[in-house]
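Novice: let me see the structure of the following:
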Amino acid sequence: AERAPTLLRAAPAALRAEREVVLRAVQKSGLALQFAAQELRGDKEVVLAAVSQCGHALQHAAEALQSDKDVVVAAAQSSEAAWTLLPSQCFAEKDVM
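Specialist: Below is the predicted model of the structure:
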């Protein structure tokens, strides 16, 4: 699991844009999301897999998904420390808290 981010970082751009490759990598290590192609950082399924594995992956998701309720809840559930990464508008929503 520790090698997944490194392997994805070293992968050619074409592989980092390959959805199935990135999905497998983030399932092993959510932080691999930081090396995924930009469009995959905006793919909700990929981001959910990443933040479910490691809440800190939230910081590497596309901005629109960083405040998505499903993504935020998955990140918070996987890591208490991920609460520090949550956008401020999330604290106003009773069902996230």
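Novice: how about residues contacting the lowest-mean-pLDDT helix or strand in the chain?
Specialist: Least confident helix or strand of the chain, by mean pLDDT, DSSP states H and E, is helix 4-10 with a mean of 80. Outside helix 4-10, the residues within contact range by Cβ atoms under 8 Å, 6 or more residues apart in numbering are 15-16, 21-22, 25-26, 28-29, 31-32, 34-36. Every C-beta, even on glycine, is put in place using the N, C-alpha and C of the backbone.
Novice: and the helices in the chain?
Specialist: Secondary structure of the chain (DSSP state H): helices at 4-10, 13-16, 19-28, 44-53, 63-66, 69-78.
Novice: check the offset of stretch 66-84 from the chain's centre.
Specialist: Relative to its parent chain, stretch 66-84 has a centroid offset of 10 Å by Cα atoms, centre = their mean, to the nearest Å.
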